[in-house]
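> please work out how this folds:
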Amino acid sequence: MEEKEVDLRDYINMVKKRWKIIVGIFLATTITSGVVSFLLPKTYEASAMVRIGRTRNKLLEEPSTTIEIFKTRAMLEKVAEEIDIPLGGEESQGLASKIKIKTKGKSGLLEIKGRGKTPEEAMGLVNGVTVVLLQRHEHIFEQGKLILEEYLASGKQRLVEIEKEIKMLRKKIEELGVTDSDAKAMVTRGYMESLERSRDRYEQLQVELREKKMKESYEIVSTELVISPTTPEKPIGPKKKQNVLIAGILGLFVGFVCAAVVEYFEKPPTIS
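Numbers count the residues shown, from 1 in each chain. Prediction:
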């Protein structure tokens with residue numbers, strides 16, 4: 001206990017003796033941090049919320065897929081074209097760092113954030129990403145509708161073919177008519193069984209197409225903009241107070257270490 005008290009008094013004496021080093025480093029770090037924070041350009045951030053559409057009770061595109069696709073150069077070029085800015089090799093990385101897309105829950109919501117040196121730049125970037133995203137999902141949506149239309153058209157064609165088959169069977173049955181011949185009677189029964197099966201297929205296909213059309217009409221929802229972006233009023237950075245506070249704490253720590261090192265080399269036996 002006595003040894004700890006002696007060590008503590010030694011450290012206190014060291015701080016009193018070397019206070020100029022500690023204060024000097026503290027002031028240097030805080031002033032430097034304040035000046036740098038003051039000179040750094042302001043950063044503004046705008047945001048919007050988009051809900052991904054659904055088809056057949058499934059999302060048009062998984063949120064994770066959307067996020068990864070908007071990191072690709074092809075999508076960045078579309079965004080740059082939308083907001084009318086040049087996009088070279090280095091600029092693409094810079095643009096990607098200004099865009100942030102993340103999921104919000106499991107309902108297919110996407111939050112789109114864009115940063116810029118001015119409120120207008122941040123707002124324009126979010127608008128550009130939102131427009132490109134809606135256009136992409138509209139294309140996927142139209143493809144889904146096209147597939148449905150092709151399926152329904154194919155189903156209608158099958159209905160026409162079954163109708164022809166039913167008419168042909170009816171005609172053959174009428175041609176055979178009532179007969180006492182066992183052979184003809186057997187053929188007639190075969191046609192009648194085929195006719196019954198064709199009618200069942202026809203009715204089943206009708207019900208299937210009707211249900212498919214109704215189900216699709218109720219379960220298809222396009223991607224929509226839930227929350228429109230607004231022009232940011234205040235910058236989000238640089239955070240001057242936070243930067244100065246962190247620099248001050250770091251400066252005190254570094255100053256104390258430097259003072260301890262100087263004290264150690266001047267009087268090695270004093271500080272253990």
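> any chance you could map the strands in the stretch 51-200 of the chain?
54-55, 58-59, 99-104, 109-116 (DSSP state E, counting those that start in this stretch).
> nearest to K172, of these?
strand 54-55 (44.1 Å; CB to CB). (C-beta placed from N, C-alpha, C; glycine too.)
> which strands and helices lie in contact with that closest one?
helix 182-219 (3 or more CB pairs under 8 Å, 6 or more residues apart in numbering; DSSP states H and E).
> could I get the following helix or strand past the helix it packs on in PDB with only the CA atoms?
Using DSSP states H and E, the helix or strand that directly follows helix 182-219 along the chain is strand 224-227. Provided in PDB are the C-alpha atoms of strand 224-227 (Å, rounded to 0.1, in the frame of the first residue of the first chain):
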ATOM      1  CA  GLU A 224     -42.700   3.200 -55.200                       C
ATOM      2  CA  LEU A 225     -41.100   6.200 -53.600                       C
ATOM      3  CA  VAL A 226     -42.400   6.200 -50.000                       C
ATOM      4  CA  ILE A 227     -40.500   9.300 -48.600                       C
END
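> pLDDT on the very next helix or strand once past strand 224-227, on average?
Counting by DSSP H and E, the next helix or strand C-terminal to strand 224-227 is helix 240-266. The average pLDDT within helix 240-266 is 87.
> what helices or strands is helix 240-266 leaning on?
Judged by 3+ CB pairs under 8 Å, 6+ apart, helix 240-266 is in contact with helix 2-17, helix 19-39.
> report the inter-axis angle for that helix versus helix 19-39.
150 degrees (axes from the mean of the first three to the mean of the last three CA atoms, to 10 degrees).
> just the buried residues of helix 240-266, please?
Residues 243-244, 247-248, 251-252, 254-256, 259-260, 263 are the ones in helix 240-266 that count as buried (16 or more other CB atoms under 10 Å).
> got the residues you listed as TSV, with distance to Y191 columns?
Below are the buried residues of helix 240-266 laid out as TSV (distance: CB to CB, whole Å):
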residue	distance to Y191
N243	90
V244	95
A247	95
G248	98
G251	100
L252	101
V254	100
G255	104
F256	104
A259	108
A260	107
E263	112
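> return the member of those residues nearest to I162.
Among the buried residues of helix 240-266, and counting by CB to CB, the member closest to I162 is N243, at 76.3 Å.
> any idea how far the closest one is from L27?
To L27, N243 is 15 Å away according to CB to CB, to the nearest Å.
> Q135 too?
Relative to L27, Q135 is positioned 55 Å away (CB to CB).
> what of K100?
36 Å.
> those two - which one has more neighbours?
K100 (16 against 13; other CB atoms under 10 Å).
> so the residue lying closest to the more buried one once chain neighbours are set aside bridges to which residues?
Leaving aside its sequence neighbours, K100 sits nearest to K113 (CB to CB, 6 or more residues apart in numbering; 4.3 Å). Under the criterion DSSP bridges, K113 forms beta bridges with S47, K100.
> list the contacts for K113?
45-47, 99-102, 126 (CB atoms under 8 Å, 6 or more residues apart in numbering).
> and those, which two are furthest apart?
So, those by CB to CB: farthest apart are A46 and K102, at 14.8 Å.
> tell me which of the two has more neighbours.
A46 (22 against 11).
> for that one, give its distance to K184.
83 Å.
> how about I162?
The value you get for I162 to K184, if CB to CB is used, is 25 Å.
> which residue of those two possesses the greater neighbour count?
I162 (17 against 13).
> which one is the more buried one nearest to, not counting chain neighbours?
Y202 (4.6 Å).
> got the contact list for the residue most central in space within the chain?
Per CA atoms, centre = their mean, the C-alpha nearest to the average position across the chain is that of I67, at 3.8 Å. Going by CB under 8 Å, 6+ apart, I67 touches 101-103, 110.
> can you pick the most crowded of these?
That'd be L110 among the contacts of I67, by other CB under 10 Å, with 22 neighbours.
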